[in-house]
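Student: take a look and give me a structure for this.
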Amino acid sequence: MKNYKVYSDGTKYAAVKQGKSWPGFFFNWIWAFTKGLYLHGGVALAVMILLTMSVPQPAFALLIVACVFCAKGNKWWETRLLSTGFKEVSTFQAPNPAAAVVLAQQNPSTTKTT
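Tutor: As a prediction, this is how the structure comes out:
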């Protein structure tokens, strides 16, 4: 079981895993675009293209980009959700994000008020 913070804008829900973002590590700029992190994804893509074109052995530098996305990706996504009108509902332990959203929908009394 993993810990997920669940956010809602009143109609939609999003569950963000706490800790490392392994999809961010393996699919960094693609993952960023799917989460609406267009600036992060665009910068990562540009950096990766420039590194690949200018550095003879870019693997280490590309690994650093992947590690940054792994470490910071979920926090960036949380910040984006909050800036677009989502509010934190609560934190749930669940096997996957979909299960965390179901728990949030079934437990409306856990909604945080800020």
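Student: so, low pLDDT: which residues of the protein?
Tutor: Flagging of the chain using pLDDT under 70 yields the residue ranges 109-114.
Student: what segments of it are strands?
Tutor: Applying DSSP state E to the chain gives strands spanning 2-8, 13-17, 87-94.
Student: which residue is the nearest non-sequential neighbour of the residue most central in space within the chain?
Tutor: Centroid-nearest residue in the chain, with Cα atoms, centre = their mean: Asn74, separated by 3.3 Å. Using Cβ to Cβ, 6 or more residues apart in numbering and skipping residues adjacent in sequence, the residue nearest Asn74 is Ser21, 4.7 Å away. (Glycine included, C-beta is placed from N, CA and C.)
Student: and that neighbour, how far is that from Phe69?
Tutor: 7 Å (Cβ to Cβ, to the nearest Å).
Student: ok, now Thr34?
Tutor: Distance from Thr34 to Phe69, by Cβ to Cβ: 12 Å.
Student: ok, the two, which is more surrounded?
Tutor: Phe69 (27 against 11; other Cβ atoms under 10 Å).
Student: would you list every one of the helices in this structure?
Tutor: For the chain, the helices defined by DSSP state H occupy 22-26, 28-34, 38-54, 59-83, 97-106.
Student: and Ser8, which of these is closest to it?
Tutor: Among the helices of the chain, helix 97-106 comes nearest to Ser8, with 7.0 Å by Cβ to Cβ.
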